[in-house]
Every structure is written in C-alpha cells, then in structure tokens.
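K.L.:
give me coordinates for this.
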Amino acid sequence: MATAATFTEYSFAQFAEIRNRKELCDFAFEVDGKSYFAHKVVLAASIPYFEQLFDGSGCHDDDEDNSAAPISPSNEVLETLLTFAYSGLKPEASAVATENFLPPMVGDADLEALLQQRELLETLLTFAYSGLKPEASAVATEDFLPSMVGNTDLEALLQQRFAKFDHFRRSEKLCDFTFMIKDTVFSAHKIILATSIPLFADLFLRPDQSNVLDYTVLNRLSPRAVRTLLQFAYSGEFNPTSAMQEEEGNDLRGVILAAKLFQVQKLEEMCLDFLRQRLNADVVQQYWPFAHANDLFELQEMLKSYMCANFQEFIGTQAFLALKTAELEDLLVRDDLSVTSEDDVFRAIVSWVDNAGTYRPSSTRNIASTGRAEAFPRLFSRLRICKLSEDCREQILSHPLCKAHFDCA
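P.N.:
Here you go, the predicted structure:
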C-alpha cells in the first residue's frame with residue numbers, strides 16, 4: 001500500500017511541476033545556448049553556493065539585468081547546480097534521458113565532455129527539486145552539494161529546506177510578493193504560496209481568470225492570524241495552543257477565518273479537530289455566532305451535534321437563548337436530538353420564548369405581544385404531541401403560550 005506523501009514531498013513535487021511549466025521563475029541561465037529556468041528561493045535553500053551567490057551578487061527581484069544569467073566557462077558547473085536542487089527524487093540510474101539538452105549538431109571530439117555536462121545538469125536539476133543524489137555520477141558535485149543527500153535522509157533534507165524558506169521569509173530575502181493586512185505588510189515567495197495556499201495558486205498560476213486579492217474581505221482578518229497561516233504554509237505544522245495564546249480572544253476564530261478565506265482546508269480541519277476535543281457550552285457560545293456570520297458550515301455542524309447530544313444541559317444557556325428562530329427549529333427536527341421526552345422539547349421552546357432559563361409567569365396579553373412569542377406556533381408545530389402522555393399533553397395545551405395562540409391548541 002502506497003504511503004501518502006508528506007507535506008514537504010508534495011510541495012517539492014509541486015515546485016518541480018511549476019518549474020517545468022516555467023511559471024513563477026525568477027532566475028534563468030544558459031548551457032550551450034539552451035535556457036533553463038528556476039526559482040531563486042528553491043536554489044538558495046537547496047545549495048549553499050546559490051545562497052551565497054544571491055545574497056552577495058546584488059541579484060534582486062526587481063533587477064531585470066539579473067533575470068537571465070548566461071553561463072560563462074568559469075562558473076558553468078556552479079550554475080548547473082541550480083536545477084539539481086529541484087528534484088529530491090533519486091533516479092534509478094544516473095544515465096537519464098538527455099535528448100532535450102543536446103544541441104542539433106555535436107562533433108565527436110566534444111561528445112564525451114558534452115555527455116558529462118548533460119549528466120551533471122540532469123543530476124543537479126533532480127537534486128534541486130527533490131533532494132536526492134544518484135548513487136553514481138560521472139562528474140563531481142560534492143564541492144557544491146550539502147553533505148546529507150541519501151534516500152533515507154530525504155524527509156529530513158526537505159524539512160531543512162523548508163526551514164531555510166521560512167528563514168528567508170522572516171529575513172525578507174528573495175521575496176517576490178508582498179501584501180498588506182490592515183497595517184501589517186507580509187513578504188513571501190510566490191512559489192511557496194502557490195503550492196500551499198489555494199487562493200494564491202489561483203492568483204499566481206491562473207491569471208486568465210482575473211483573480212485579485214479582495215482586501216475588503218481579507219481585512220476582516222487579524223495580522224496575527226495571517227502570520228499563523230504563513231507559518232503553516234512554510235512548514236505544514238500548526239500548534240493550536242500557541243495560536244490561541246497569540247490571538248486577542250485567546251481562541252481560534254481568527255485562524256479558522258483565515259484558513260477559510262485563503263481556502264486552506266487542512267488548516268481549518270486541524271482547528272476543528274482541536275475544538276472537537278474540547279467542546280463544551282462555553283465553546284458553543286463563543287463560536288456559534290462566528291460560525292453563522294462567516295458561513296462556516298463544518299463548524300456549524302460540529303456545534304449542532306454537540307447541542308443535540310447535550311440538549312437538556314444546553315437549554316437555558318446563553319448560547320441557547322441567543323439562537324434565532326430558524327436555528328432552534330433546525331435543532332428540534334434533528335434525528336440526533338437527545339431528550340428523554342417531548343416535554344423537554346416544550347420546556348426548551350418556552351425557555352427560549354421567555355428568553356430566560358426558567359419561564360416567568362406573565363399575562364396572556366404580555367406573552368402574546370413579545371417578539372419571540374410570534375415564533376411560538378412555528379416551533380410548537382415541531383413538537384410530537386402524539387408521543388406525550390395524555391396528562392402531559394393536557395398540561396402543555398393549557399399553558400398560557402398555547403392559550404395565547406389558540407390555533408396551536
């Protein structure tokens with residue numbers, strides 16, 4: 001049975017696909033008249049040589065003179081290392097296909113040197129986008145490659161690269177994208193965002209769809225929540241407890257909303273799993289209005305399930321009394337509503353109409369004139385009268401609310 005790809009393996013596979021399509025590339029070089037394209041941040045995180053090159057050569061994202069760097073004889077081997085950083089997958093054999101890299105005409109005298117050059121280029125391309133080094137190679141790359149490149153160390157190697165990515169982001173190095181949430185500016189790398197955050201994948205990789213960031217919507221987020229989102233995009237890891245401590249309300253509402261708006265389903269699921277293990281009446285009260293205001297249907301369903309499973313304890317709580325008519329009606333008709341009898345359902349309706357934990361006697365006129373009393377017939381229709389004993393049924397039908405709405409009796 002095949003094992004699921006890890007966050008880092010999946011991401012690097014996506015990096016390679018994007019590079020193969022020549023998308024989001026910000027670095028180019030030439031070998032024998034053939035151009036190759038890559039992403040500076042991937043190269044710098046994969047091969048120390050490129051980190052030093054980009055850090056000290058003045059290669060900035062807005063410097064058009066550095067967008068394409070022809071390879072000179074003195075740095076040919078060093079430049080070919082950049083694609084090696086993109087694979088991470090180990091070829092079965094080092095003799096990989098090289099036809100795409102052959103010039104139209106090759107003299108016999110140059111063939112051996114050219115083959116070695118191709119092999120090195122292909123090997124380095126593979127390493128750059130996967131992190132794995134072939135067992136054998138006709139050319140030496142040790143002077144430029146990290147020491148840990150064995151298959152058994154692949155996950156650790158890719159994690160090291162992601163740690164580098166995040167270091168670059170925090171240092172604002174090689175960043176090619178910035179956006180602002182409220183008064184906070186965030187810098188990042190398009191290639192990382194495009195593989196981790198679907199909203200950015202649409203923005204960067206599908207320009208024909210006229211995708212733009214809707215800041216009217218995104219400015220509902222807190223900068224702290226967006227920072228947490230970026231940390232997840234650059235690591236695949238999320239600590240709900242730490243995230244709650246960083247948010248103003250000491251909860252996950254900001255992170256959940258950020259995950260929803262940026263379409264990061266995995267992060268949203270991690271938040272919900274954390275809450276599911278800690279559900280209580282306070283959590284329901286805290287998250288229920290938020291879930292409805294932002295159309296968070298999975299969160300709504302989780303909270304509804306808790307309400308129904310603990311319905312008798314839920315009656316009279318602030319969260320219960322704050323329910324809207326349609327929300328309460330939705331609970332009353334659910335098959336998983338846990339009550340001992342229909343009398344519990346009637347007690348819940350009365351409690352909600354009276355807007356207090358217990359019913360306060362009032363005159364028929366006062367009851368009928370209250371706003372919530374107008375919803376009583378609608379809610380009462382959800383009561384399964386036939387399941388009540390005759391005595392209980394008579395008591396309910398003689399209640400002032402029923403008398404005030406004689407059409408229910």
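
K.L.:
phi, psi of the closest residue to residue 264 other than its chain neighbours?
P.N.:
Among residues not flanking residue 264 along the chain, residue 197 sits closest, at 5.7 Å (Cβ to Cβ, 6 or more residues apart in numbering). C-beta here means a position set from N, CA and C on the backbone, and glycine is covered the same way. In terms of degrees, to the nearest 10, the main-chain angles of residue 197 are phi -130, psi 110.

K.L.:
do I have it right that residue 197 meets residue 261?
P.N.:
No: the pair residue 197 and residue 261 fails to qualify as a contact (Cβ atoms under 8 Å) at a distance of 10.3 Å.

K.L.:
the two: which is more packed in?
P.N.:
The neighbour comparison of residue 197 against residue 261 (other Cβ atoms under 10 Å) goes to residue 197, with 23 against 18.

K.L.:
quick one: residues contacting that one.
P.N.:
229, 233, 262, 263, 264 (Cβ atoms under 8 Å, 6 or more residues apart in numbering).

K.L.:
now list the buried members of those.
P.N.:
229, 233, 262, 264 (16 or more other Cβ atoms under 10 Å).

K.L.:
before we move on, what SS does the first one have?
P.N.:
Here residue 229 is helix, with the state taken from DSSP: H, G, I helix; E, B strand; the rest coil.

K.L.:
pLDDT value on it, please?
P.N.:
Residue 229 carries a pLDDT value of 97.

K.L.:
from residue 399, how far off is it?
P.N.:
Distance of residue 229 to residue 399, given as Cβ to Cβ, to the nearest Å: 51 Å.

K.L.:
give me the below-cutoff pLDDT ranges for the stretch 151-300 of the chain.
P.N.:
Within the stretch 151-300 of the chain, the stretches with pLDDT under 70 are 151-152, 209-211.

K.L.:
can you give me the strands in this protein?
P.N.:
Here the chain has its strands, by DSSP state E, at 27-31, 34-38, 69-70, 177-181, 184-188.

K.L.:
figure out which of these is closest to residue 337.
P.N.:
Closest approach to residue 337 among the strands of the chain (Cβ to Cβ): strand 177-181, 40.8 Å.

K.L.:
out of the buried ones among the contacts of residue 197, which sit inside helices?
P.N.:
With helices taken from DSSP state H, the overlap with these comprises 229, 233.

K.L.:
what is the nearest of the buried ones among the contacts of residue 197 to residue 347?
P.N.:
residue 264 (42.1 Å).

K.L.:
may I have the phi/psi pair for the closest one?
P.N.:
Dihedral angles (degrees, to the nearest 10) for residue 264: phi -90, psi 90.

K.L.:
can you redo the contacts of residue 197 as CSV with distance to residue 40?
P.N.:
Shown next, in CSV, are the contacts of residue 197 (distance: Cβ to Cβ, whole Å):
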residue, distance to residue 40
229, 23
233, 18
262, 24
263, 26
264, 25
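
K.L.:
coming back round to it: look up how far residue 41 lies from the residue nearest to residue 264.
P.N.:
Residue 197 is 15 Å from residue 41, by Cβ to Cβ.

K.L.:
which residue ranges make up the domains of the chain?
P.N.:
As assigned by the TED database, the chain contains the domains 1-53+77-88+121-131+152-174, 175-278, 296-408.

K.L.:
and those domains: which comes nearest residue 286?
P.N.:
domain 175-278 (6.1 Å).

K.L.:
quick revisit: gap between the residue nearest to residue 264 and residue 218?
P.N.:
12 Å.

K.L.:
before we move on, what about residue 386?
P.N.:
From residue 386 to residue 218 the distance is 52 Å (Cβ to Cβ).
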